[in-house]
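A.B. asks: Provided below are the primary sequence and the corresponding predicted coordinates.
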Amino acid sequence: KHIFIISLLLFLTSCTPNLYSRLSKDDRGNTHYKGSYKVGEAYEKKGIEYVPKKDISYDVVGLASWYGKKHGFHGKKTANGDKYNKSLLTAAHPTLPMPSLVKVTNLKNHKSLIVMVNDRGPFSKKRIIDVSEKAADLLGFKKQGIAKVQVEY
């Protein structure tokens, strides 16, 4: 009797869709790279050292940019093994865990969204986050390419 109940519970929890698996689908609804949770080791890019860590108090104001098909990333593997899709609400951050959810607010028009960090970048002293093309469009800075934003973990 107990084995049946445990088996049933395991079956039901495996059937429950989660946010992350839904975000791992391409434009046709096909699931590709199921990304994994990753904090990662310290690394260096362009002479700057980045130290990934979980920082629940992360709340930073700075510049955001976006990346998409025009930048050659659409369809490629992200840093945590997911497949980048310019039409999903995702982002690249140099140090936050992947995946993690952050609130990005465009400080010019006060539009905000929750995006999933599933990649590393931007590797620029001037920018704090790269968002997907869809996120930049919804935040109102796709045409400008960059915007002053607040990013909250």
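C.D. replies: Noted; the coordinates are in hand.

A.B. asks: for A135, helix, strand, or coil?
C.D. replies: helix (DSSP: H, G, I helix; E, B strand; the rest coil).

A.B. asks: what's around it, how many residues?
C.D. replies: 26 (other CB atoms under 10 Å). To be clear about C-beta, it is placed using only N, CA and C from the backbone, and glycine gets the same treatment.

A.B. asks: go on, P97?
C.D. replies: For P97, the neighbour count with other CB under 10 Å is 17.

A.B. asks: what sits against the nearest residue to it once chain neighbours are set aside?
C.D. replies: Using CB to CB, 6 or more residues apart in numbering and skipping residues adjacent in sequence, the residue nearest P97 is V39, 4.8 Å away. Residues near V39 by CB atoms under 8 Å, 6 or more residues apart in numbering: 52-54, 97-98.

A.B. asks: what does K111 give?
C.D. replies: Residues in contact with K111 (CB under 8 Å, 6+ apart) are 105, 138-140.
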